[in-house]
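Visitor: Pasting the sequence and the predicted coordinates here, then a few questions.
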Amino acid sequence: MKELKVTIEFWKEGGVYVTRCPELDMLSQGDSLEEAKSNLFEVIEIQFEEMEEMGTLDEFLEENGFRVKDNILTSQREIIGFDKSFGR
């Protein structure tokens, strides 16, 4: 697999650390930040391998705005911020 450059969100739910890649909408968890991050990349790798076998990986990456530059997969969608808001 090519090198992958993505954003990773971290938060804690009870005693478990959760990670999410917003560009791919994939999540994982672990007992530490490092484990949660490692598990997230394992989830991404497994998902990519399955899509590769089905012949849908390139389409998935294109639909999610990824391009390859210098052998690195990078999302062309720029995350500009996060907001915690209260609704009415």
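Guide: Cool, the structure landed. Keep in mind the model is a prediction, meaning the values are calculated, not measured.

Visitor: What segments of this structure are strands?
Guide: Secondary structure of the chain (DSSP state E): strands at 3-5, 9-13, 16-21, 26-30, 66-69, 72-75.

Visitor: Which residue is the nearest non-sequential neighbour of the most centrally placed residue in the chain?
Guide: What sits nearest the mean C-alpha location of the chain, by CA atoms, centre = their mean, is Cys21, with 2.8 Å. Of all residues not flanking Cys21 in the chain, Val6 sits nearest, at 4.9 Å (CB to CB, 6 or more residues apart in numbering). C-beta coordinates here come from the backbone N, C-alpha and C atoms, glycine included.

Visitor: quick one, what contacts the one you found?
Guide: When contacts are counted by CB atoms under 8 Å, 6 or more residues apart in numbering, Val6 touches 21, 23-24, 44, 75.

Visitor: give me phi/psi at it?
Guide: Backbone geometry at Val6, expressed as degrees, to the nearest 10, gives phi -140, psi 170.

Visitor: Thr56 too?
Guide: Dihedral angles (degrees, to the nearest 10) for Thr56: phi -110, psi 0.

Visitor: any low-confidence regions in this protein?
Guide: When residues are selected by pLDDT under 70, those of the chain lie in 1-2.

Visitor: Just confirm Gln71 contacts Glu3, I think it does.
Guide: Quick fix: residue 71 is Asn, not Gln. Yes. Asn71 is within contact range of Glu3, at 6.3 Å (criterion: CB atoms under 8 Å).

Visitor: Tell me which of these two has more neighbours.
Guide: Glu3 (10 against 7; other CB atoms under 10 Å).

Visitor: Tell me what the more buried one is bridged to.
Guide: Ile72 (DSSP bridges).

Visitor: how about it, what does it touch?
Guide: 71-73.

Visitor: Phe86: how many residues sit nearby?
Guide: 4.

Visitor: how near is it to Glu13?
Guide: As judged by CB to CB, to the nearest Å, Phe86 and Glu13 stand 21 Å apart.
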